[in-house]
Every structure is written in C-alpha cells, then in structure tokens.
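# just to be clear, the model below is a prediction. Sequence and coordinates:
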Amino acid sequence: MHTTPAAQAVDAAAGAGPALKAAIVDSFVKLTPRHAVGNPVMAVVWAGTLLTATATLAGWTDAGFGWTVTLVLFATVLFANFAEALAEARGRGQAASLRRARKDLVARRIDETGAETRVPAAELRPGDLVAVAEGQLIPADGEIIEGLATINEAAVTGESAPVLREAGTDRSGVIGGTQVLSDHILVRVTAEPGHSFLDRMIALVEGSNRQKTPNEIALGILLAVMTFTFLVVVLTLPLIGGFVGIEPGVVLLVALLVCLIPTTIGGLLPAIGIAGMNRALKANVLAKSGKAVEVAGDVNVLLLDKTGTITHGDRQATAFHALAGVDASHLRQAALLASLADPTPEGKSIVRLARDEHDTCSAPEGAHFVPFSAQTRMSGVDLPGARIIRKGTLDAIAQHVQTLGGDIPVELRTRVAQAAGKGATPLVVSDGRYVLGVVELSDVIKHGIQERFARLRVMGVKTVMITGDNPLTAAYIAAEAGVDDYIAEARPEDKLAIIRAEQAEGRLVAMVGDGTNDAPALAQADVGLAMNSGTQAAKEAGNMVDLDSDPAKLLAIIEIGKQQLITRGVLTTFSLANDVSKYFAILPAIFAAATPQMAGLNVMQLSSPASAVLSALIFNALIIPLLIPLALRGVRFKPAGATELLRNNMLIYGVGGVALPFIGIKLIDIALSTLFTV
Ligand SMILES: Nc1ncnc2c1ncn2[C@@H]1O[C@H](COP(=O)(O)OP(=O)(O)OP(=O)(O)O)[C@@H](O)[C@H]1O
Ligand SMILES: [K+]
Ligand SMILES: [Mg+2]
C-alpha cells in the first residue's frame, strides 16, 4: 500500500502542532450563535452555561458550586467544538497537499487555426484544446483527443508508476497537475476553472460545502427530539417537586438536563461525518459527497464491467485462426482492412499483428470505415464493389452474416470456444456473407483481485461482472477473478436495466466502470465508482472516482462506509447508555436530602449531593475528548455481515456505556472529596 501526499499530510497533521492549535482556536470561534444553533444538543448546553453563570452572578446559588458547574458546562461545549474543529483541521491538511498538486500552471492553448498561445491554467474553459509535451504538466482535467502518453500521476495519487493514457480508449482521462513523461498529447479541457475534481474534493474536505448524509440528518433529528423531551421533563420537575416540598435550584436543574441529553453523541456527530470523508480521500478516492461513501456501507450488490475494470483492458491481438478452407492470408488481410481506421486498442493491435506477419495491404480508394460501437459490437469497412468486411462478437457477426444470407460454420463455435477457454476475447471476422475465422485478443486480469472479491463475499456483498463480451470468455474471466455471477453480451442499456431490476427488489447497487458505455449505469447505481483512467463521461456520471483505477477499491469504500455507520451507531448507544447512569448518580442528589424515601435511589453512595452533581458533569464533559480518537479513527472493523457487527458492538458499547460512568463518576467523586471538601 502506498501513501498519498494527502495521506502523509494527515499523518503529519495528526501529531503536529499546527492542526491542534488551529483546532483549539476554532473551538472558540465555533461558540458563535450561528454555529451553535446548528447542533441543538450542544446549543442547549451552551444556553445552560449562560444560565448557570447568570444564576451564580445573581447569587441564587452557592458561588463556588455555581462557578464550577458553569466552568464544566463551558468546557463541555468547547470539547464538542474541538472534536469538529480537529476533524476539519485534518481535512484542511489534506486539502493543502492537494492544492500543491494544482499550483499555478501555464497552458499551451491551441485555437481553431492551430496557433498556440500561452495562458494561465485558470483561464481555461471546457472545450479548450491544450497541447502537452514530454516533461510538461497537464494544466487542467480533460480528455486526450489525440495521441497517447505515459503520465506520472504521483502528485495526485501518490503512485509513482507511470500510467498509459490514450485517445479514443476507455483510458483517455487526465488530471490537471499530473506530468506527461513521454510523447505528446492534445487534451480537451473538461472542467470549469475552480471545478476540477481536485477543487471539488478540496471544498468537500474543508467542510465548506459538506452535506450531511441522510443517516446523519435522521440521527440529528432524533437527538434534537430527545433533547426537547428532556427539556420539558426537567422544566416540569419544579412543579412536581413542589408537591413533595423540594425546590431544586436553577443550577441543579441545568446540571440534570445536561446529564440527561445525549451530549456525547451530539458533540461527536459532526466529527464522525468529516472523518469518514477524510478516510475516503486517504484511500485515494474522490467522493463527490459524504452520502455516497456512507451508502457504500450498505451496498448489497456490486456490478463490475470486465474490460478495463477486472482486466487491464489493454486487449492485444495475439493470433489469427482461419477456419478450414479459408486461406490464412485472406483472414489476416480482412482483419487488417477492417482495422486500418479503427482507433481502439483492439483495432490497433490487429494492425500491428498483421504487419508483424508481413501483411502490407492498405485501404483502397473509397473505403468507408464503420466504427465500433458498444451497441452493434462490431466494426469494419465497406469497400468499393459492395465488399462488406466486419469484425466483432460471435453473436453480432452471426446475425450480420445471416441477414446477408450466409451460414455459420459449425467449426466457428469450436474456434471461438478455444480462444474464450483461455480467457481471451475472440473477434469473429466476416467478408461479405462468409465467416473467415477468429482473431484472438488477450487481456490480463488485474493482480490480487480474487482475495478482495472473497472479502466482499464475507461482508455479504454479491459481485456480478457485466460484459459486452461472449459468454465463454465471460465465464472464464468470472471464474479466474472469483466473482459470484456474470452477465455476458450486455449492451449499455442492459447494464442500466440490470441495476434498475436490482434496485426494484430493494437492493443497494454499486457499479464500477470506466467506459462511456458504463456511464448510464454509473449514474443509475447508488454508488458509482469510476476509474480515474476512464473516460470523462464515466467520471462525470459516477459519484466517486478512484485515483488508483482499482476496481477492488470499492472494498475499501464499503469498509469506510460501514465503519462510519457503525461508529455513529455505537457512539449513540454508548451516549444513551451513559446518560442512564448519570441520571442515577445525580437524581438522589436532588431528591434524597429532602425525601428520605428516595435514599433507595442513592445506589452510588457518592460523598455529597454537590460532589455527585459535579462528578456526573465532569464525567459527561471528559468523555467527549476521550472519545475523539475513536470518532476520528472509527471503531475497529472486521469483515462480517451488518447484523452481526451491529449485535456485537451494541453489546460492548451498550453494557460498557452503562457500567463505565458508574466507575468514572465514583472515581471523580473520590478525587473531588479528597482534594476539596465538597
Ligand atoms: N474495435 C472493435 N471492433 C470490433 N469489435 C470489438 C472492438 N472492440 C471490442 N469489440 C467486441 O465488442 C465486445 C463488446 O465491447 P464493449 O466495449 O461493449 O464491452 P467489453 O469491453 O467487452 O466489456 P466490458 O463491458 O466489460 O468493458 C467486445 O467484447 C469485443 O468482442
Ligand atoms: K449527557
Ligand atoms: Mg469496457
């Protein structure tokens, strides 16, 4: 595992002074009413702090007790602010290193006449053409429209191994700030200035436009409702108390309220969400929203396309197999003619192989090239004299030949099966209504993919490969890669339909793809992960981009999403369980003195009512900073189904959440009564 500049920045920031200092300053800045109202639970604590201060000033309570309570409440608010500020400061550390990748670049813009002008990268607009040569930095996000180049993307991805990007393929996308190592390319700019993926990511991690996830919003509402309920309960206490002759003072009531409301989770909630985004970036994934990351935690089905996603996608022609009775040179020449104007890697590699075998023929005058499309799944050339040469998938060519009145030789199926049985893609070549044979295209499965699909299975995620390739090749690659299921001969709309069908059955679907033909599916999926190497259409359609172009990266995102959901869940459980114990610590302090019958409630035997109240409040405040590391790092995670994870964690954090305050409060009480005589 390599570390990205972003990841290094996080690690540095974690131990470093500047982030800590910034977070401390921000904790005070966040005291402003505008920020405070965004978090109802903590807003109540903040209001309570002002109330106890007023009550103490007015002399309604013992000054020492009143000021101590006020101080502890104030610290509680600051600790919660600090949790959020620290998460943000870490994000800013990441953003700063991303920004360095996008320093002031100069672009060589090419106008319609082909003339070149030098302009600052900030002036580039979508549609502009820029030339980038060996050694130069790519000035903006875009798509290569001419040429191919090896590119060093280390500035953005942290991966120093050069990657190949090529016009007209599913690997045509380039990122601003990365460097061309060899060759020369023409790039069409695709991003508005200030709206590149990096810019958007920087904005996200800096929290300037952080959108809460639906889960976070739902929990926020629940916490606000609970807070309001407890507020009503505590406000009615003086009335009830009046009947039994107790009049709890303002300070005691505020203390009770703060102990009852879910301050722990209320204080840590924003930090958990921000930390999730930070972790996604650390994994080299640019998520367009935190929601996408979190939804990933619940995904049931993962669809992947084959070429370029499960395999490297650099399909190369390795052999011509002519059918019996067909001249080997006839097949080779037909394949060559059908590929001379085919800009795809498949087409180019066929030309190369034919040339290697010393075929020299060139396209005759008046040849009309028919480009490949994922729709027709074939390509070819129409030559003068109504000679129609095609190459494509078995089913596409079979149908094509039959409409021309030809037959499919039995031998063809055997030839196709032979190539497919090795995991290669067989392209069938036809000349008029005659099938000539098969071109074998070899591709390589990405390394280490099998173990990661196995891990996904353990987490209850089903993996399905969807490919435009034939069923035999699909079956071979599916078995090699270890996916659970596969669908072959799929056109773009089939990919879309499959996702819709899964969603209609209530499943959450993730899609990983790189091609323009994957774009509709990437947009429809609940989680659409585009390969950074992919086309601009794919990257725009998805809701996240993997800078490493690793399809198994979804595993990391699912884990981050699950971890975020679990972390929020267990801290909520812990927080609520905690409050139960605090209630038992503080209630006797309020009632037991005046009502001896209440003495039975005094299970904790704390040294005095004042000490009981202070101990509970101090525990309530301290638990927030103590849990910040857990909120930022996330709870420990091992692959398992969601229900199992939930059950285990609920047990630990629920029972622990009830027990811990009893111990903590008792210890604080002993310390207080030893140090002071409260
Ligand atoms: N340049 C080409 N000319 C003719 N046929 C091609 C060409 N490129 C690919 N094909 C054939 O068309 C099929 C469908 O291609 P498409 O790009 O839609 O899907 P794919 O790349 O095979 O699969 P995936 O959807 O997993 O990327 C390929 O499997 C191949 O058999
Ligand atoms: K509380
Ligand atoms: Mg593809």
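Yep, that arrived. Ligands and ions are numbered 1, 2, ... in the order given.
# now the protein against ligand 1: closest residue?
In the chain, the residue found nearest to ligand 1 is Gly468; the distance is 2.7 Å by C-beta to the nearest ligand atom. Every C-beta, even on glycine, is put in place using the N, C-alpha and C of the backbone.
# for that residue, give me its contacts.
Contacts for Gly468 (C-beta atoms under 8 Å, 6 or more residues apart in numbering) come out as 307, 374, 377, 393, 489-491, 517.
# contact residues of the stretch 251-400 of the chain facing ligand 1?
305-308, 342, 344, 346-347, 372, 374, 377-379, 391-393 (C-beta under 6 Å from any ligand atom).
# of the residues you listed, which is the nearest to Pro139?
The shortest distance between Pro139 and any of these, using C-beta to C-beta, involves Gly308 and amounts to 25.8 Å.
# that closest one is in contact with Ala530, isn't it?
No. Here Gly308 does not reach Ala530: they are 11.0 Å apart, not a contact under C-beta atoms under 8 Å.
# which SS class is the closest residue to Asp111 other than its chain neighbours?
The shortest distance from Asp111 to any residue other than its chain neighbours is 7.1 Å, reached at Thr117 (C-beta to C-beta, 6 or more residues apart in numbering). In the three-state summary, Thr117 is assigned as strand, counting by DSSP: H, G, I helix; E, B strand; the rest coil.
# also Val381?
Of the three states, Val381 takes strand according to three-state DSSP.
# quick one: buried residues of the helix or strand Asn81 falls within?
Taking DSSP states H and E as the definition, one finds Asn81 inside helix 63-100. Residues 65-98 are the ones in helix 63-100 that count as buried (16 or more other C-beta atoms under 10 Å).
# now do the strands in the stretch 251-400 of the chain.
Counting by DSSP state E, counting those that start in this stretch, the stretch 251-400 of the chain forms strands over residues 285-287, 301-305, 316-322, 368-370, 378-383, 387-392, given from the N-terminal end onward.
# Serialize these to JSON lines and add fields for mean neighbour count and mean pLDDT.
Rendered in JSON lines, the data for the strands of the stretch 251-400 of the chain read as follows (neighbours: other C-beta atoms under 10 Å; pLDDT from 0 to 100):
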{"stretch": "strand 285-287", "mean neighbour count": "27", "mean pLDDT": "84"}
{"stretch": "strand 301-305", "mean neighbour count": "26", "mean pLDDT": "92"}
{"stretch": "strand 316-322", "mean neighbour count": "19", "mean pLDDT": "94"}
{"stretch": "strand 368-370", "mean neighbour count": "15", "mean pLDDT": "94"}
{"stretch": "strand 378-383", "mean neighbour count": "22", "mean pLDDT": "95"}
{"stretch": "strand 387-392", "mean neighbour count": "22", "mean pLDDT": "96"}
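# any chance of the ones you listed in CSV with distance to ligand 3 as columns?
Written out in CSV, the entries for those read as follows (distance: least, C-beta to the ion, whole Å):
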stretch, distance to ligand 3
strand 285-287, 21
strand 301-305, 5
strand 316-322, 15
strand 368-370, 19
strand 378-383, 14
strand 387-392, 14
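# overlap of the contact sets of Gly308 and Ala530?
The contact sets of Gly308 and Ala530 overlap at Asp514 (C-beta under 8 Å, 6+ apart).
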